[in-house]
Every structure is written in structure tokens, then in C-alpha cells.
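Trainee: Structure, please.
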Amino acid sequence: MLFTVLCFLSLHAGQPVAGVTPQDLPALNEVGRAVLNWDGQSPVTLSERIRQLVPNVPVIDTLRALNLAQQRGQLAEDIRQQFAQIEVKQRTYQGKVRQAILEGRQRALRSWVGTPQGRSLSAIGDSGSWPDSNQPVNVGSDFDFTIFGADVEVNRQVRDACGAAILETLGAQGFQLRDFDVVVTAEGAEVESHVFETQGGIDWARRNLKRIELIYPDGKTRTIELWRGDPAGELAYASMMARLRHEAARNGDYDRMFDARGFLRESVFNDTGGGQGQTLWERYRPILEGLGVDYFRSQTSTAPGGCLDMARHLRLEVLDVPHLNARTRLKRMLKYLPRAHTLAQAAPGVRQLIADDPLLSDPAYTSLLSLARAVEKATPAELDILLRQHFGNYPDAGLQELGNRLTEMILRYSEVAYQAEIDRITWRSQPRNAAGKPSTGWKMIFGSSRAWGGAAMPSMPGPPGKPSKRYARLKRTAR
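Mentor: Next up, the predicted model:
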């Protein structure tokens with residue numbers, strides 16, 4: 001299992017991370033001057049100049065490297081003094097890229113919707129808040145969306161058509177979507193976009209979309225907003241939410257489903273153990289599905305892969321990326337631990353294994369979940385305080401160690417979920433005696449058979465509270 005995990009994480013280890021070295025600082029100074037001199041009209045005009053100055057690097061990575069050099073005080077004095085103007089120009093640049101994406105994909109869709117092939121299309125899903133014109137975008141923003149539909153081949157064709165239309169709208173001949181950090185994914189062919197590689201990761205991404213634009217066979221569309229913190233309050237059809245409140249009050253479920261502000265309690269549907277969440281979901285399912293609310297149940301068959309996807313993203317998007325300042329690195333780094341925790345503990349039979357695990361139950365590691373939740377909600381000023389509290393005035397070394405601990409913890413989530421699935425398969429396949437118990441001298445490989453109907457077994461060999469030699473080897477290798 002461990003060999004498989006390490007092979008998975010090293011799939012992209014040979015790919016160099018795009019960035020600019022200190023030897024390129026003269027070129028970065030020229031990039032800063034190019035941004036200052038840009039007239040704020042065509043983003044491709046600026047992109048072409050940047051590519052002339054720093055070839056063979058995606059344009060967006062060069063702009064991010066420029067910002068990092070500014071944060072480190074490495075740029076020329078005239079550039080540093082005018083950097084506030086550069087950031088304004090960067091936001092203008094990204095805003096125009098966003099507009100081209102929205103216009104380009106709508107133009108591509110118009111050639112599909114309402115046609116016989118286009119009838120299989122169901123929606124476009126947006127990851128993140130980037131489509132909202134009220135939300136500013138900067139060079140740290142990425143632009144991800146997914147084409148949903150019943151026919152995978154049509155999804156692929158629409159994906160490619162959208163990508164081509166976006167570049168055409170930008171006038172970006174000779175550029176790639178990567179230059180603008182645009183990723184278009186097709187449902188059923190998600191791995192081709194190299195964002196999430198496993199079904200667990202794909203499921204997670206789908207249930208964390210922030211906006212869905214439903215596509216009807218007659219060519220009409222309807223937009224449903226799913227902004228985090230209030231996943232139902234901003235949906236397009238307020239009347240449907242009013243109906244849900246009315247039905248919940250009539251059935252005595254209002255306080256369980258809504259908070260004091262009248263917003264739907266997101267935590268209700270985090271109850272994946274078949275309890276209150278499932279009961280309420282079945283009772284109000286027709287309304288909730290119309291509102292875009294999802295009741296997600298992780299599975300032991302997909303949870304291990306989902307956790308591996310989170311470990312891979314931690315490596316590729318944070319640990320191996322040089323152009324992140326400490327605040328951004330901390331925030332990005334800690335978002336993958338709660339995701340892996342959710343994927344693992346929501347799978348049947350895994351919650352107790354996590355509670356009994358020597359690593360995952362260690363207070364030194366469980367405290368990281370609390371830190372992740374605090375960082376997720378923190379303002380920039382609060383993030384600076386958390387950085388100083390946990391990592392002092394020189395956080396680089398501490399953040400590197402944090403990355404190692406997070407990797408170790410996420411890999412352990414994957415192994416525990418994987419072993420729970422092996423236990424489940426083995427338990428179900430055993431011959432039974434008249435009492436319904438296994439008729440052989442079988443016992444659990446690892447974990448607790450209570451989850452699958454048997455008597456409890458020790459979760460790991462070795463003295464109570466002390467990891468086994470096998471686990472100690474795992475821990476050393478994961479590091």
C-alpha cells in the first residue's frame with residue numbers, strides 16, 4: 001500500500017515547477033515596467049510583451065513571480081515605489097481575462113445547445129467565486145469550470161470548443177489556456193485535465209462547486225449560486241427556499257434545518273452516518289435537489305483515492321510552488337487536511353478507526369485540524385497573527401515542517417480508509433455458520449470488525465497506545 005501511495009505522489013515529481021530564478025530579476029524588473037506601461041485594453045498585448053521578456057514560462061507564473069519578488073524586496077527601486085499601480089493593472093488584466101472566458105464559453109455553447117447532440121448537456125459548474133463580477137480577481141486567481149452532460153464524448157468536444165473560443169476571444173494566437181491559468185474539465189473525462197486523478201477527488205470537487213448554470217434542451221439556461229457559508233441562501237429561486245422553510249416549519253423541522261438568520265444549516269447534511277441528515281434529505285429531497293443542495297456520502301471504495309488526490313494537490317500546488325508568500329502558503333496548505341478528513345471519516349466504518357489510530361488521534365496532529373479551521377475563516381490580519389503565534393518571525397522552516405506533517409497525516413487517512421475497505425470486502429466474503437458469524441478462524445487484518453457486524457479486534461499489534469513496528473516504518477517512509 002505504501003509503495004502505491006508514494007508512486008501516486010511521485011507521478012508528477014519529474015515535472016519542473018514553473019518559476020523565475022534570482023538570475024531573472026532584471027527581466028522581472030522589465031516585466032514590472034511593461035505592466036505599468038500597459039494601456040489596460042487587450043490582455044494579449046501585455047501577455048506578448050511578458051513572453052518576450054521571460055520566454056518558456058506561462059505568463060501567469062511570471063506575473064506571480066513578479067509579485068513574490070516585490071514581497072521579498074528584490075525589485076528595482078522605481079518598480080517597488082510604483083507597485084500599487086502595478087497591482088491595479090494586474091487586477092484589470094485578470095478582469096479582462098475573466099470577461100473573455102465568460103464570453104468565449106457562452107459563444108461556444110450557443111453552437112451546441114438546442115441541437116440533437118447538445119441535448120445531452122446538463123450544466124456548467126464553476127469552481128471558486130471567479131465568475132462573480134462583484135468579486136475582484138488578481139494574479140493569484142485561477143479560472144476553473146466543468147462541462148456536465150450524459151455523453152462523455154460530447155462533453156469533451158464542448159470542453160475543447162470552449163477552450164478554443166476563450167483563446168479566440170482573447171485574440172491569444174500562439175498562447176495556451178495555461179498561460180492564463182484556465183482549466184476546462186469534461187464530466188466523465190476529468191482525469192484528462194489533470195486536476196483530480198481519482199473518483200474521490202472528483203466527487204469532492206463536484207460537491208464544492210460555487211455556481212451551476214443549468215442547460216435545458218431548448219437552449220435556455222438557469223444559474224444557481226452556491227456560495228460557501230450560505231449554500232442555499234443565494235440560490236436563484238427564492239420562492240423554492242420559501243417553500244422549504246414553510247414545509248420544515250409545518251413538520252417541526254425548522255430549527256434543525258435553519259439558523260437564527262433563516263439560512264440553511266450546511267452542517268445538517270454533513271451527517272453522513274445515516275442519521276438526521278439522511279432522514280431530512282429523504283423528507284425534503286425534491287425541494288433540496290431543486291435548490292442544488294447535495295447530501296454527500298463518502299465511500300470506502302473512493303475515500304482512499306480522494307485522500308491521495310489531496311496529498312497530491314498539497315505537493316503540486318503548495319509544497320513545490322516557489323512563488324507563494326507565507327500567508328498564502330499557510331492558507332493553501334491547510335485546506336487539504338480538512339478535505340482528506342471529511343473524505344475519510346464520512347466513509348462507513350472509518351470514523352472509529354480514525355479515533356483509535358495512534359497518529360490521527362495524537363493531539364499534536366488533531367490540533368492541526370483546529371488550526372486549519374481557524375485559518376480558513378481568518379482575515380488577512382488574523383492570518384498574520386496566527387503565523388507569528390505558530391511560526392514566529394521566520395516562518396519558512398516551520399511551514400516546511402508543517403507540510404511534512406500534513407502529508408504524513410493525509411497519507412495516513414488514505415491508508416486507514418483503504419484498510420477499512422479491505423476489511424469490509426474480507427468480512428463480507430467469509431463463509432457463515434448458523435449464527436451468522438464467520439465459520440473459519442478469521443479475524444480482522446486491521447481495524448475494528450464492529451463496523452461490519454463482528455466482535456471488536458485490536459486495531460493494531462503492539463502495546464496499547466504505542467504504534468507497531470509496521471506503523472513506525474510507515475511513518476518514517478512517509479516523511
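Trainee: Can you get me the centre-to-centre distance for stretch 411-419 and its chain?
Mentor: Stretch 411-419 sits 19 Å away from the centroid of its parent chain (CA atoms, centre = their mean, to the nearest Å).
Trainee: In the stretch 51-200 of the chain, mark out all the helices, start to finish.
Mentor: Remark: helices assigned in the stretch 51-200 of the chain by DSSP state H, counting those that start in this stretch are 59-71, 77-81, 83-110, 152-170, 199-206.
Trainee: neighbouring strands for the next helix or strand after the last one, and are they parallel or not?
Mentor: Scanning forward in sequence from helix 199-206 by DSSP states H and E, the next helix or strand is strand 211-215. Sheet partners assigned to strand 211-215 using DSSP bridges are listed as strand 121-127 (antiparallel), strand 221-225 (antiparallel).
Trainee: okay, and the helix or strand of this protein with the least pLDDT?
Mentor: helix 2-9 (a mean of 36; mean pLDDT, DSSP states H and E).
Trainee: after that helix, next one along is what?
Mentor: Moving toward the C-terminus from helix 2-9, the next helix or strand (DSSP H and E) is helix 25-37.
Trainee: how about that next one: buried residues?
Mentor: If you call a residue buried by 16 or more other CB atoms under 10 Å, then helix 25-37 has these buried ones: 27, 28, 29, 30, 31, 32, 33, 34, 35. No exception for glycine: its C-beta is placed from N, CA and C like everyone else's.
Trainee: And stretch 147-159, by the same measure?
Mentor: Using 16+ other CB under 10 Å as the test for burial, stretch 147-159 gives 147, 148, 149, 151, 154, 155, 156, 157, 158, 159.
Trainee: ok, which pair from those residues is furthest apart?
Mentor: The span of those, defined through CB to CB, is set by 148 and 157 at 13.8 Å.
Trainee: Format the CA atom coordinates belonging to stretch 160-178 as PDB.
Mentor: C-alpha atoms of stretch 160-178 as PDB (Å, rounded to 0.1, in the frame of the first residue of the first chain):
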ATOM      1  CA  ASP A 160     -12.300  21.800 -26.400                       C
ATOM      2  CA  ALA A 161     -14.700  24.200 -28.100                       C
ATOM      3  CA  CYS A 162     -14.900  26.400 -25.000                       C
ATOM      4  CA  GLY A 163     -11.100  26.400 -24.700                       C
ATOM      5  CA  ALA A 164     -10.600  27.400 -28.300                       C
ATOM      6  CA  ALA A 165     -13.400  30.100 -28.100                       C
ATOM      7  CA  ILE A 166     -11.800  31.600 -25.000                       C
ATOM      8  CA  LEU A 167      -8.400  31.900 -26.700                       C
ATOM      9  CA  GLU A 168     -10.100  33.300 -29.800                       C
ATOM     10  CA  THR A 169     -12.000  35.900 -27.700                       C
ATOM     11  CA  LEU A 170      -8.700  36.900 -26.100                       C
ATOM     12  CA  GLY A 171      -7.100  37.100 -29.500                       C
ATOM     13  CA  ALA A 172      -4.400  34.900 -28.000                       C
ATOM     14  CA  GLN A 173      -3.000  33.200 -31.000                       C
ATOM     15  CA  GLY A 174       0.000  31.100 -30.000                       C
ATOM     16  CA  PHE A 175      -0.900  31.000 -26.400                       C
ATOM     17  CA  GLN A 176      -2.400  28.200 -24.300                       C
ATOM     18  CA  LEU A 177      -5.000  28.200 -21.600                       C
ATOM     19  CA  ARG A 178      -2.200  27.500 -19.100                       C
END
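Trainee: from the chain's centre, how far out does that stretch sit?
Mentor: 24 Å.
Trainee: Now it: buried residues?
Mentor: 161, 162, 163, 165, 166, 167, 169, 170, 172, 175, 177.
Trainee: returning to what we had before: of the buried residues of stretch 147-159, which is the nearest to residue 345?
Mentor: Lowest distance from residue 345 to the buried residues of stretch 147-159 (CB to CB) belongs to residue 148, with 27.6 Å.
Trainee: pLDDT score assigned to that closest one?
Mentor: pLDDT recorded at residue 148 is 84.
Trainee: Could you check how far it is from residue 208?
Mentor: 14 Å (CB to CB, to the nearest Å).
Trainee: For burial, what's the neighbour tally of residue 135?
Mentor: Applying other CB atoms under 10 Å, we find 12 residues neighbouring residue 135.
Trainee: Lovely, talk soon.
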